[in-house]
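Undergrad: next input, structure requested:
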Amino acid sequence: MLRWIIIGELAVVVVMVGYLAHRRWGGPRPARPKCPFAVRWTTDALGVLRQPRVKVCKSAHVMTVFDGDRPVKSYRAAVGGGKGDKEREGDRCTPEGEFTVCVKNPDSDYVLSLGLSYPNAEDAARGLRDGLIGRAEHDEIVRAIEQGGCPPWTTALGGEIMIHGCGAGRDWTLGCIALEDDDIREVYPAVPVGTPVAIDP
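TA: Numbers count the residues shown, from 1 in each chain. The predicted model follows:
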């Protein structure tokens, strides 16, 4: 019995030495998704923003708040459980593209919520082309976007895509972007209605 314990312990040592050597001398490491924008991890307070903008990188699970072109602070973010760009109601995908914050909800079931202008005009054109929505729904979406409001959220394209709280540890939402509770409490007052939000794959 003692012999097998010693052999087992030696095997663990050999594996650990191999792992450390692999890391030290440049062996391949698992690839991490890269954001197409600057990421800034900091414990500093977000502060007042003159030109707030938000960018989300779904694959890297990162949301960064910018002031103009300057990255101010990044946050861990969870996204929808579906894969790829959102196409229709119920697909659990987080949309990709250019949106704005069109509404703020201080009484959200998910701590606080920033509603996004999905579907946008491009989504409306795709939905019309694919037969998911009719001309009247398409025109209503486009008109709402042009006026800076929230588009209808009850079409076959889906809606009510929010940035909210309740945790960023795993991809659990139906298409929203989820932050840790303290993070959404920091972001919410700094991001007014009309703030541009870019969501990348």
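Undergrad: the chain: helices as residue ranges?
TA: With DSSP state H, the ranges of helices along the chain come out as 2-24, 121-129, 135-146, 181-187.
Undergrad: compare the mean pLDDT across those and name the weakest.
TA: Note on the helices of the chain: lowest mean pLDDT is at helix 2-24, with a mean of 41.
Undergrad: pull up the pairing partners for the lengthiest strand in the chain, direction included.
TA: Across the chain, the longest stretch assigned as strand under DSSP state E is strand 97-105. The pairing partners recorded for strand 97-105 under DSSP bridges are strand 113-116 (antiparallel), strand 196-200 (antiparallel).
Undergrad: which outside residues touch that strand?
TA: Applying CB atoms under 8 Å, 6 or more residues apart in numbering, the contact partners of strand 97-105 are 54, 85, 112-118, 120, 122-123, 148-151, 161-163, 188, 191-199. All C-beta spots, glycine's among them, are computed from the backbone N, C-alpha and C.
Undergrad: just the buried ones from these?
TA: Among the contacts of strand 97-105, those classed as buried by 16 or more other CB atoms under 10 Å are 54, 85, 112-118, 120, 123, 150-151, 161-163, 188, 191, 195, 197-199.
Undergrad: identify the residues contacting residue 193.
TA: By CB under 8 Å, 6+ apart, the contact set of residue 193 is 100-104.
Undergrad: can you lay out the residues you listed as JSON lines showing distance to residue 48, neighbour count and pLDDT?
TA: Listed next are the contacts of residue 193 as JSON lines, based on distance: CB to CB, whole Å; neighbours: other CB atoms under 10 Å; pLDDT from 0 to 100:
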{"residue": "100", "distance to residue 48": "20", "neighbour count": "20", "pLDDT": "98"}
{"residue": "101", "distance to residue 48": "17", "neighbour count": "23", "pLDDT": "98"}
{"residue": "102", "distance to residue 48": "22", "neighbour count": "20", "pLDDT": "98"}
{"residue": "103", "distance to residue 48": "22", "neighbour count": "14", "pLDDT": "98"}
{"residue": "104", "distance to residue 48": "17", "neighbour count": "17", "pLDDT": "98"}
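Undergrad: and the furthest pair within those residues?
TA: By the measure CB to CB, 100 and 104 form the most distant pair in those, at 11.8 Å.
Undergrad: so where is this protein shaky, pLDDT-wise?
TA: For the chain, the stretches with pLDDT under 70 are 1-32.
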